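Asks: could you look at this predicted model? Sequence included:
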Amino acid sequence: MENLKGLILSGGKGTRLRPITHTSAKQLVPVANKPVLFYGIEAMAAAGIRQVGIIIAPETGDEIRGAAGDGSRFGVEITYIVQDEPLGLAHAVLTAEPFLGSDPFVMYLGDNLLQGGIADLVAAFRDHEPHALILLTPVPDPENYGVAELDGGGSVVRLVEKPPEPPTDLALVGVYMFTPLIHEAARSIEPSARGELEITDAIQWLVDGGRRVESHVVRGWWKDTGRLDDMLEANRLILETVERRVDGELEDSQVDGRVVVEPGARLERATVRGPAVIGSGALLRDAYIGPYTAVGAGCVIEKAEVEHSILLEASSVRGLEGRMESSLLGKNVAISRDERQPRAYRFMVGDNSEIGIL
């Protein structure tokens, strides 16, 4: 198992994160001011994988290429593979076959975050040499996931996709390890009811053929960042791990706890309570930033309070009377409130947006 390759799936429409994903790939939405996709690439690099293929969609591919580049800054070599339309994860594997060849590989969904990386998984795969190894985690709502049934030794007996009555609470995490036999499996299955070649069906084909499919239960946390609540939760979990570093300018300001203030950021009469990260060139004036907030580069927060939120670059929040919380602001979004009477709300909002005034 010398040449283990990596495959990251970074196509997909990101419908659950609209309107942010109308203009940006969901895998590039930042968590703790770093695109979700980069955590996956870093996990592969840390596991000793050097050749990484990234599956991209025609619509968002250029943006992903622009962000991740050739991979050199991560210590990997990236090959981009265009999947013309999202016809399922097993279809993505077939699309990547020219890149993967006859090498074993780890497949990682680009909008997933996994605490502790994948080094353990890669080690288990190398030691046991099964035909496939899947990652599982106990979840409270298994009916929303692919679910695995195991035998006494942890080998997979059956996989079911979103079962109304789940046989176990073990859901498939978006990380898999395969030998080249998966290509034959993907060619042998039929599209599912939704017209896609499902990876669960391909793995089931291996099981039915008597091949060894092992499982590895995740001990830490795992997040699929497809929805706002999951993004905020992932942001919270990653911010829990930051080390305090204050490189920006502070004027009459207070920074408590684990806070990163990037170079070029400026705080004037502001309080930041960690864990939080303030991006380069951001300006906080007469502001309070509460825990679990990631403020992107060049953002301005003035006469406002923000907590448990993600602000993408160059956004601004000014003059709010109350506190903005549990929010995700896209790039260049401006939220403000005028002091004049009578008070009224004025909005200019993109498609599929959501505004809550509480």
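Replies: Okay, I see it. Note that the coordinates shown come from a computational prediction; the quantities given were computed from them, not determined experimentally.
Asks: can you list the low-confidence ranges for the stretch 251-358 of the chain?
Replies: For the stretch 251-358 of the chain, the stretches flagged by pLDDT under 70 are 339-353, 358.
Asks: what sits against L135?
Replies: L114, L121, L172, V173, G174, V175, Y176, S215, H216, V217, V218, W222 (CB atoms under 8 Å, 6 or more residues apart in numbering). (Glycine included, C-beta is placed from N, CA and C.)
Asks: what does P180 give?
Replies: So P180 contacts L100, G101, S102, D103, P104 (CB under 8 Å, 6+ apart).
Asks: where's A234, which helix or strand?
Replies: For A234, the host element (DSSP states H and E) is helix 228-239.
Asks: for that helix, packing partners?
Replies: strand 30-31, strand 112-114, strand 222-224, strand 310-311, strand 328-329 (3 or more CB pairs under 8 Å, 6 or more residues apart in numbering; DSSP states H and E).
Asks: at 6 Å what do you get?
Replies: For helix 228-239, the elements it packs on are strand 30-31, judged by 3 or more CB pairs under 6 Å, 6 or more residues apart in numbering; DSSP states H and E.
Asks: so how far is the strand it packs on from its chain's centroid?
Replies: Mean C-alpha position of strand 30-31 versus that of the full chain (CA atoms, centre = their mean, to the nearest Å) differs by 8 Å.
Asks: given it, what are its sheet partners and their directions?
Replies: strand 34-35 (antiparallel) (DSSP bridges).
Asks: which residues sit against the partner strand?
Replies: L28 (CB atoms under 6 Å, 6 or more residues apart in numbering).
Asks: contact partners for the residue nearest to the spatial centre of the chain?
Replies: By CA atoms, centre = their mean, the mean C-alpha position of the chain lies nearest to D111, the distance being 3.1 Å. Counting by CB under 6 Å, 6+ apart, D111 makes contact with K26, Q27, V36, T225, G226.
Asks: mind doing that once more with 8 Å?
Replies: D111 neighbours (CB under 8 Å, 6+ apart): G12, G14, K26, Q27, V36, L37, G174, D224, T225, G226.
Asks: ok, V306 next?
Replies: Here V306 is in contact with A287, Y288, I289, G290, T293, V295, V317, R323, M324, E325, S327 (criterion: CB under 8 Å, 6+ apart).
Asks: got a ChimeraX select line for the buried ones in those residues?
Replies: To isolate the buried members of the contacts of V306 in ChimeraX, using 16 or more other CB atoms under 10 Å:
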select :287,288,289,290,293,295,317,324,327
